[in-house]
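K.L.:
3D model of this:
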Amino acid sequence: MVDPGDAITKARKAVTERAELPGMSLMEHLEELRKRIIHSAVYLVLGAIAAYIFHVKLYDLVQEPLDKLHIRLNYTHPMDPLNLYLQVSLIGGAILASPLILYQVWLFIAPGLYQKEKRFVVPFMAATVGLFLAGAAFGYFFVLPGALKILIVNFGKNFNPMVTIEEYTGFFLSIILGLGISFELPILIFFLALFGIVSPRFLWRNIRYAILAVFIVAAIICPSPDVWTMCIYAVPMLSLYLIGIGVAWWVHPSRKKAKEAAR
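P.N.:
Below is the predicted model:
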């Protein structure tokens, strides 16, 4: 038999939690979005200005993988060197400003969260920045040098390489940013599970499709058709998917309901 006192307590608790979520009209949501975008843009510009002070050192980081192959960048347009400095400064500024930008993202989504869910703000920011930097580092220290060595030294050994700033910058950023973003998979799963869009069971049941998608991405970024080399790139991404399943189990609403029912 259900205790009326417990039922009233749970009802009051549910009402209290729901009251924590303030209602906002469409115009208020758009105004809030505009505000967060403006703040993020200001932080990005300030970060880029700060990074431009060190644009020569940032360029050295971009050039270093080619230096190991004794190749210097060439340019075909007078604006190419300046564009390179501006691009690396923008990326460096985005990394510098990322905690502040991510906090703006959190402020935008926070009104839709319960008070007990808002405690994830620090882990969210730390994990997002950390995973992006881990993906970028993986691309810079492993994927990029391997790709350059295979493409230039192995396949291009009978030719004279003339790598231009424009083409190399696009190649560099596609690997670094692509892997940095792909390493954010656990964060994406975190929010999908937090709002009940996906469940750990769903993710585990469809893991074969996830493996297929991971190997397709690995085949795209892998510089060699060798299966073992492709596995080197696929294993970290697949590991992140498995970590995401654990994160989904931790934050999914069904687990919270089960815990409350067991009390």
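K.L.:
going forward, measure contacts and count neighbours with C-alpha atoms only.
P.N.:
Noted.
K.L.:
any weak-confidence spans in the stretch 1-150 of the chain?
P.N.:
1-24, 112-114, 116-117 (pLDDT under 70).
K.L.:
switch to 50 and redo it
P.N.:
Along the stretch 1-150 of the chain, segments meeting pLDDT under 50 span 1-5, 7-8, 10-21.
K.L.:
Next, count neighbours for Leu61.
P.N.:
For Leu61, the neighbour count with other Cα atoms under 10 Å is 14.
K.L.:
now it, what's its secondary structure?
P.N.:
Classification of Leu61 by DSSP: H, G, I helix; E, B strand; the rest coil places it in helix.
K.L.:
what are the ranges of the helices in the chain?
P.N.:
Ranges of helices within the chain are 4-19, 26-52, 55-67, 80-109, 121-138, 144-148, 165-182, 185-194, 200-205, 207-221, 227-251, 253-262, based on DSSP state H.
K.L.:
Check those for me and report the most buried one.
P.N.:
Compared across these, helix 185-194 shows the largest average neighbour count, a mean of 20 (mean count of other Cα atoms under 10 Å).
K.L.:
For that one, name the packing helices and strands.
P.N.:
For helix 185-194, the packing partners by 3 or more Cα pairs under 8 Å, 6 or more residues apart in numbering; DSSP states H and E come out as helix 121-138, helix 227-251.
K.L.:
So which elements touch the first one?
P.N.:
Using 3+ Cα pairs under 8 Å, 6+ apart as the contact criterion, the elements in contact with helix 121-138 are helix 80-109, helix 165-182, helix 185-194.
K.L.:
roughly how far is that helix from the heart of the chain?
P.N.:
7 Å (Cα atoms, centre = their mean, to the nearest Å).
K.L.:
isn't Gly244 right next to Leu185, touching?
P.N.:
Yes: Gly244 lies in contact with Leu185 (Cα atoms under 8 Å); the separation is 7.0 Å.
K.L.:
can the helices of the chain go into JSON lines with extra columns for distance to Phe155?
P.N.:
Listed next are those as JSON lines, based on distance: least, Cα to Cα, whole Å:
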{"stretch": "helix 4-19", "distance to Phe155": "61"}
{"stretch": "helix 26-52", "distance to Phe155": "36"}
{"stretch": "helix 55-67", "distance to Phe155": "16"}
{"stretch": "helix 80-109", "distance to Phe155": "27"}
{"stretch": "helix 121-138", "distance to Phe155": "23"}
{"stretch": "helix 144-148", "distance to Phe155": "10"}
{"stretch": "helix 165-182", "distance to Phe155": "17"}
{"stretch": "helix 185-194", "distance to Phe155": "33"}
{"stretch": "helix 200-205", "distance to Phe155": "39"}
{"stretch": "helix 207-221", "distance to Phe155": "16"}
{"stretch": "helix 227-251", "distance to Phe155": "16"}
{"stretch": "helix 253-262", "distance to Phe155": "52"}
